[in-house]
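Engineer: Requesting a structural model of the entry that follows:
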Amino acid sequence: MSSRYGNPYAGHGRRSRYLYEHGGRRFDWATYWERRRVEREAASRSRATPDVVPKPAPTVLKVNDVEVDKYLLMNKVAHHTYDFESKELIVRRGQPFEFNITLDRAYNKDTDKIYVEFKTGKYPSPTKGTKVRVQLKDKLEDGKWGATFDADSDQKVLRLKVQSACSAPIGYYNMSIITKVKDTDEFSYPYFKRIYFLFNPWCEGDSVYLAGADEKDEYVLSETGYLWYGSYRQIGKRPWVFGQFEEGVLEAVMYLLQDSKDPVMDRDRGNPVIVARKMSAAVNVQDEGGILHGRWDGEYSDGKRPTFWNGSVAILQQYMKNKEAVKYGQCWVFSGVLTTVLRCLGIPARSVTNFASAHDTDNSMTIDNYFDEEGQPMEHMESDSVWNFHVWNDCWMSRPDLPQGYGGWQAVDATPQETSDGVYQTGPASLNAIKHGKVYLPYDARFVFAEINADRVYWEATEDISLDDYKLTKIRLEKWSIGRYLYTKKVGQHAGIDVKGDYKHPEGSEEERLAVESAVQHGTKPEAYLPDSPFNKDVDFTVETADKIYVGSDFEVEIPMTNRSSEERNVNLFVNIQVCYYTGVLAKRVKTQRVQVKLPPNGHDKGIVKVSVDEYLDKLVDQSAMKIFVLGKVKETFQLLAGQDDFRLRTPSIELSVSKTQLKADEEFTAKFTLKNPLPRKLTNCEFNLEGAGVRTSMEVKQGDIAPNAEVTKEVKLRAYKAGKRTLVVEFDSDQLSQVHGEVDIEVSK
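Structural biologist: Numbers count the residues shown, from 1 in each chain. Down below sits the predicted model:
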């Protein structure tokens, strides 16, 4: 048998090992049977068990996008941050906010883990609360960090609701979304914008929680208000644009908080007590990186007069241009800026003006005034002073660092007067602690107590050659002349309200005297209360001026006197009238006059001193303030009389009007303002400053000299860019006349 494949049986009768040959390849029996055996075994296993396809290991869930802007408006409205001129997310701590994340595959809650991570500060740390990683859970817990979510049908888009702790550090944070599968490596998706966290007066767990809605509107959300000035008899008010939501303000405040030369330590940024204290230092330049230079000597040629400013926004924007302090400010400017800073951070705040405000330099709780035998003040012996007015701030917060009952309003002061812990800062000092004389409680309650409730002591100093010193005779102790009124804006109104009752008990009451005695025991001179002079005291007097004396007019000073004895009394008075800075520092003397008054038994009379405009006009300094000193002696009894009074010359107002009081956002309107020069002198270096939150930040309108008694009118075109009730403010400043202003309200609809 033959074949073209060859004889399979050829070879010595044995079966050939080759089965066939094809294409040059030979296939043997051994290979054939081995292949058949393997195929039978595989078929047998296939019949015994079904196919098992191993599942691939799950891949790490990745984030494709984080959508914050989609809910930006909703979050801002819910968090009362809508008015901020910022496109970044600004939220309040302890309150949820929402955003979307888009994933690269469906979310599986059994295997996938998603975290939201927040970092703040230069060295974020979980132990300091500046690095927080929050895992998605089913529900949020009040007051704690947490995150929940809702998913769409395919589980690829999650709507997250995230909440910070109500004690979280405030400031700007960086946010990332972290994903991982069980214990595998994690994936991080950073959100490219900052997120700002502020204090939350709407959150009951926050230490700045404030209950009333009207109070929150006034002390947190209101962008305009008033600052009071003058003297306790001639109280004036000036509008002020706080503008805490205006462009650039949040940036400036966050710079002070986190990035300045002396920022708040990261671990302390959740504590409003420390934040408010640090901000009181940050507003003045006396320490590192402050906003404002203070100046009180009348020399402002290298900057702006303090009276030029009518709002905080231009000051903060100018500061941020080169991080250099702005020139110049005085107490009301420091207070206005601090109100802006605190409200921007979410701390309820108000500016408060104390009329007849003591500056106690030695912590004695008394203000000592010395006069010579001619009734002239002896300034070289005096270190204390009494300011006609002084403006500081109250801020609202709990005080867990103090005994129970001392939360609520706290006094803070950014005006650099005295150092505290080596820094020009004041407060927060609990008003309730001040009211009850608990001046040992932090911070700086002793200093603030003296400002509003020190007793004033008058001394006659006569030379004692034998002692080479002065012999002091106590003339008078005044228990009521310090802290006459404490004015702030009334909630929801344009009027002011006296909040003296928040600071002290009624003058002369048993509670008030006990508070003073308690405070004095913690002062440096507890022995200051000496017995009165042994002379009979049956003659009383006061010092009076008209309520409204305008710059450019003549005026009179009256000294009404009362004789409470049954005998005639003859009194010699020395009356000294001097121009002074509002801080009580004396400038030029206007007039000194001796006055004799004869008082009938149980009768009345008065001394009168007349002052003409020519006697004072060229001597005036800022605020047009004057101080009257009266020293007298009763001829028959040798009773000594001493007293003083402060007053200011009033300035005119600017007539400000607008072409429309009801307008739409971005609609153009015209503002017109008119001023009449009240002086028989030419006004030089004249300038108007126009400002309004939501209208424009600041506009300087230069004006040439204004002739004596002349009238000028200016018109400017403006656009309101923010809806709501807006206030436009104009301020006038010149070498001869300042503290002149006007205002008008407008309603802007969307």
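Engineer: switch to C-alpha atoms for all contacts and neighbour counts from now on
Structural biologist: Noted.
Engineer: all helices in the stretch 651-750 of the chain, in order from the N-terminus.
Structural biologist: Taking DSSP state H, counting those that start in this stretch, the stretch 651-750 of the chain contains no helices at all.
Engineer: Kindly report the same for the stretch 301-450 of the chain.
Structural biologist: 313-322, 331-345, 431-435, 445-453.
Engineer: pLDDT weak spots in the stretch 351-500 of the chain?
Structural biologist: Residue ranges of the stretch 351-500 of the chain with pLDDT under 70: 364, 465-468.
Engineer: please redo it, this time with the cut-off set to 90
Structural biologist: Where the stretch 351-500 of the chain drops to pLDDT under 90, the residues are 359-386, 437, 439, 454-481.
Engineer: partners of Val352 in the sheet?
Structural biologist: Beta bridges link Val352 to Trp392, judged by DSSP bridges.
Engineer: Val621 - how many residues pack around it?
Structural biologist: 21 (other CA atoms under 10 Å).
Engineer: For burial, what's the neighbour tally of Asp217?
Structural biologist: 15.
Engineer: For it, give its distance to Trp202.
Structural biologist: Per CA to CA, to the nearest Å, Asp217 is found 11 Å from Trp202.
Engineer: Excluding chain neighbours, give the residue nearest to Lys119 in space.
Structural biologist: Using CA to CA, 6 or more residues apart in numbering and skipping residues adjacent in sequence, the residue nearest Lys119 is Lys131, 4.5 Å away.
Engineer: Now that that neighbour has come up, it's in contact with Lys122, right?
Structural biologist: No - Lys131 is beyond contact range of Lys122, at 10.8 Å (criterion: CA atoms under 8 Å).
Engineer: More neighbours: which of the two?
Structural biologist: More neighbours surround Lys131 than the other of Lys131 and Lys122, with 17 against 10 (other CA under 10 Å).
Engineer: Could you count how many residues lie near Arg719?
Structural biologist: By other CA under 10 Å, 16 other residues sit near Arg719.
Engineer: pLDDT wise, what is it at?
Structural biologist: According to the prediction, Arg719 has pLDDT 88.
Engineer: who's in contact with the nearest residue to it once chain neighbours are set aside?
Structural biologist: Leaving aside its chain neighbours, Arg719 sits nearest to Glu668 (4.6 Å; criterion: CA to CA, 6+ apart). By CA atoms under 8 Å, 6 or more residues apart in numbering, Glu668 lies in contact with Lys717, Leu718, Arg719, Ala720.
Engineer: Spit out the contact partners of the nearest residue to Lys504 once chain neighbours are set aside.
Structural biologist: Once flanking residues are discounted, Lys504 sits nearest to Lys435: 4.3 Å by CA to CA, 6+ apart. Counting by CA under 8 Å, 6+ apart, Lys435 touches Phe449, Asp502, Tyr503, Lys504, His505, Glu512, Ala515.
Engineer: how much space between the residue lying closest to the first one once chain neighbours are set aside and Glu478?
Structural biologist: Read that as Phe449. Leaving out its chain neighbours, the residue that sits closest to Phe449 by CA to CA, 6+ apart is Ile434, at 5.5 Å. Going from Ile434 to Glu478 by CA to CA gives 19 Å.
Engineer: for Ile628, same thing?
Structural biologist: Here Ile628 is placed at a distance of 16 Å from Glu478 (CA to CA).
Engineer: Weed out the non-buried ones from the contacts of Lys435.
Structural biologist: Phe449, Tyr503, Lys504, His505, Glu512, Ala515 (16 or more other CA atoms under 10 Å).
Engineer: Secondary structure for these - can I get that in JSON lines?
Structural biologist: Below are the buried ones among the contacts of Lys435 laid out as JSON lines (DSSP: H, G, I helix; E, B strand; the rest coil):
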{"residue": "Phe449", "secondary structure": "helix"}
{"residue": "Tyr503", "secondary structure": "helix"}
{"residue": "Lys504", "secondary structure": "coil"}
{"residue": "His505", "secondary structure": "coil"}
{"residue": "Glu512", "secondary structure": "helix"}
{"residue": "Ala515", "secondary structure": "helix"}
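Engineer: pLDDT below threshold where in the stretch 501-650 of the chain?
Structural biologist: The low-confidence ranges in the stretch 501-650 of the chain, as defined by pLDDT under 90, are 507-537, 545-548, 582-586, 621-624, 627, 629, 631-633, 638-647.
Engineer: where along it do the helices fall?
Structural biologist: For the stretch 501-650 of the chain, applying DSSP H, counting those that start in this stretch gives helices covering 510-521, 613-616.
Engineer: Of these, flag the one that's most buried.
Structural biologist: Among those, helix 510-521 has the highest mean neighbour count (mean count of other CA atoms under 10 Å), at a mean of 19.
Engineer: got the angle for it vs helix 445-453?
Structural biologist: Comparing the axes of helix 510-521 and helix 445-453 via axes from the mean of the first three to the mean of the last three CA atoms, to 10 degrees yields an angle of 130 degrees.
Engineer: Just the CA atoms of helix 510-521, as CSV, please.
Structural biologist: Extracted as CSV, the C-alpha positions of helix 510-521 are listed here (Å, rounded to 0.1, in the frame of the first residue of the first chain):
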residue,chain,number,x,y,z
GLU,A,510,-25.5,103.9,95.7
GLU,A,511,-24.6,101.2,93.1
GLU,A,512,-22.6,103.7,91.1
ARG,A,513,-20.6,104.9,94.1
LEU,A,514,-20.0,101.3,95.2
ALA,A,515,-18.6,100.6,91.7
VAL,A,516,-16.3,103.6,91.8
GLU,A,517,-15.0,102.6,95.3
SER,A,518,-14.4,99.1,94.1
ALA,A,519,-12.6,100.3,91.0
VAL,A,520,-10.4,102.8,93.0
GLN,A,521,-9.2,100.0,95.3
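Engineer: Just say helix, strand or coil for Glu34.
Structural biologist: Glu34 - assigned by three-state DSSP - is helix.
Engineer: What's the local residue count around it?
Structural biologist: For Glu34, using other CA under 10 Å, the count is 10.
Engineer: thinking again about what came up before, right, and the residue nearest to Phe449 touches Tyr503 too?
Structural biologist: Yes - the pair Ile434 / Tyr503 is scored as a contact, 6.3 Å apart, by CA under 8 Å.
Engineer: Tell me how far Glu655 lies from Ala165.
Structural biologist: From Glu655 to Ala165 the distance is 50 Å (CA to CA).
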